[in-house]
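1. no FASTA, just this:
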Ligand code: GDP
Ligand code: IMO
Ligand code: MG
């Protein structure tokens, strides 16, 4: 079997959690391959809402295993809270949740360093989720990190103390007050909890599972435009959010990748700082925020909103080798008279059809305008019942980017879904 991947094509929060939950019954396992508790993946079913941060979105399905891959970073404190919140409803966690030995640990001092670094940046701050993501990946790359496998070693505490001392020295260069001791107990309790799950050599487990003809879906976090390599640098996260990240974050070779599901919202959102060419500051943007309930699932921050940007989506499709598209939140656009889609940019008077090196305020999006639809679509279950103008809008996107839209999500609930 090949590894399928589902990932975001915008700046995150495209609805990955919901779609992975919908697709889970088709898969033996769901595997997260990067990111950490900066992610917030929302699942809604049976009138219940869950937000997952570190744990894959297949966790409520009885026959699905959930793997936290080597590319993920784990905060034992947040992980414990997450387990506590889902324990009652999740399916046999002690058997179905597996954690890679090679996943890196977020220490309390990583979170403090994240906050200190952001504060020092002042108005240039990234708008990080303050979960310690950047300092943890920095330690991974500079070969100082602690991994889940280390917690089984007799000198774990020693390794931990060494890293904490290094962080304390780093923190001295910031003018930043912190209280570290309050976090430490919860952190070590979290480590004990992690020990009670299956800690595995995930790259071997994943490859054996695929070789045994069992299907796995890799669940991306964040989105392509937040990728460390190709996103709107430096306003990005610190991991590879693109399909290639699933190869390194799970240990799966490129020739073993199957379908790549690219998910995007019918409009665009971004939380945190950084460029956003189609951002709206008017009533239309406010309406998207209100109707779409665009507030961060992890931080509660309001999400910036704007029109769909097909220049950016095309770039994301190219980087990921997307084979099928998933569109979410088209229901939020119901009632707009006109729907705009950015189909090229004007930069310094010149029209271009690609994302340039510098994404800044000089980019002026050029829009194609389509007629909106007025009906509420949230109860619709089949393609044929969709309003004609929405069908035209979907066809326009497919033709422009050259990839078929296979799933249309029309509401936050698991059931609000049209499969083409
Ligand atoms: P993720 O990070 O990509 O998993 O997305 P988030 O969970 O952070 O944000 C997506 C938000 O949109 C959540 O509140 C979902 O419940 C909600 N959502 C997902 N799909 C749809 C949809 O098709 N329509 C509407 N109205 N809401 C949706
Ligand atoms: P999901 O998986 C949206 C953003 C932050 C900030 C930047 C860097 O729910 O789609 P970090 O904490 O990673 O150092 O923050 O990335 N960001 C996200 N935005 N959805 C996410 O995850 C995000 N994870 C990080 O807002 O701008
Ligand atoms: Mg989210």
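-> Yep, that arrived. From a predicted model like this one, the values you see are computed outputs, not experimental measurements. Ligands and ions are numbered 1, 2, ... in the order given.
2. tell me the residues of the stretch 1-150 of the chain that contact ligand 2?
-> By CB under 6 Å from any ligand atom, the residues of the stretch 1-150 of the chain that approach ligand 2 are 8, 11-13, 38-41, 126-129, 131, 133-134. Backbone N, C-alpha and C define where each C-beta goes, glycine included.
3. buried ones among those?
-> Neighbour counting with 16 or more other CB atoms under 10 Å marks 8, 11-13, 38-41, 126, 128-129, 131, 133-134 as buried within those.
4. so which of those also contact ligand 3?
-> Filtering those for neighbours of ligand 3 using CB under 5 Å from the ion leaves 13, 40.
5. in helices only, show me the buried ones among the residues of the stretch 1-150 of the chain next to ligand 2.
-> 133, 134 (DSSP state H).
6. residue 335: which of the buried ones among the residues of the stretch 1-150 of the chain next to ligand 2 is nearest?
-> Nearest to residue 335 among those: residue 13, at 21.7 Å, using CB to CB.
7. so which bits of the chain are right by ligand 3?
-> Counting by CB under 5 Å from the ion, the residues of the chain close to ligand 3 are 13, 40, 297.
8. okay, the residues you listed in JSON lines with pLDDT next?
-> Putting those into JSON lines (pLDDT from 0 to 100) gives the following:
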{"residue": "13", "pLDDT": "98"}
{"residue": "40", "pLDDT": "97"}
{"residue": "297", "pLDDT": "83"}
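9. for residue 166, state which of the buried ones among the residues of the stretch 1-150 of the chain next to ligand 2 is nearest.
-> Checking those against residue 166 with CB to CB, the nearest one is residue 134 at 15.7 Å.
10. excluding chain neighbours, give the residue nearest to the closest one in space.
-> Of all residues not flanking residue 134 in the chain, residue 238 sits nearest, at 4.7 Å (CB to CB, 6 or more residues apart in numbering).
11. tell me who's in contact with the nearest residue to residue 252 once chain neighbours are set aside.
-> Leaving aside its sequence neighbours, residue 252 sits nearest to residue 3 (CB to CB, 6+ apart; 4.9 Å). Residues near residue 3 by CB atoms under 8 Å, 6 or more residues apart in numbering: 206, 210, 216, 217, 218, 246, 250, 252, 256, 257, 258.
12. which one of the residues you listed sits closest to residue 103?
-> Nearest to residue 103 among the contacts of residue 3, counting by CB to CB, is residue 250 at 10.9 Å.
13. for that closest one, grab phi and psi.
-> Phi and psi for residue 250, reported as degrees, to the nearest 10, are phi -130, psi -10.
14. surely it meets residue 29?
-> No - in this structure, residue 250 is not within contact of residue 29 by CB atoms under 8 Å, at 10.4 Å.
15. need the overlap of contacts for those two.
-> By the contact definition CB under 8 Å, 6+ apart, residue 250 and residue 29 are jointly contacted by 67, 206.
16. what about the two, which has more around it?
-> residue 250 (28 against 23; other CB atoms under 10 Å).
17. next up, the contacts around the more buried one.
-> By CB under 8 Å, 6+ apart, the contact set of residue 250 is 3, 31, 33, 67, 69, 70, 71, 202, 203, 206, 218.
18. same question for residue 209.
-> Taking CB under 8 Å, 6+ apart, we find residue 209 in contact with 1, 28, 29, 216.
19. please redo it, this time with the cut-off set to 6 Å
-> Going by CB atoms under 6 Å, 6 or more residues apart in numbering, residue 209 touches residue 216.
20. now it: which helix or strand?
-> Using DSSP states H and E, residue 209 sits within helix 202-211.
21. got the buried residues for that helix?
-> Under the neighbour-count criterion of 16+ other CB under 10 Å, helix 202-211 has 202, 203, 205, 206, 207, 209, 210 buried.
22. near ligand 2, from those?
-> Among the buried residues of helix 202-211, not one lies near ligand 2 by CB under 6 Å from any ligand atom.
23. residue 61: which of those residues is nearest?
-> Relative to residue 61, the closest of the buried residues of helix 202-211 is residue 209; by CB to CB it sits at 15.9 Å.
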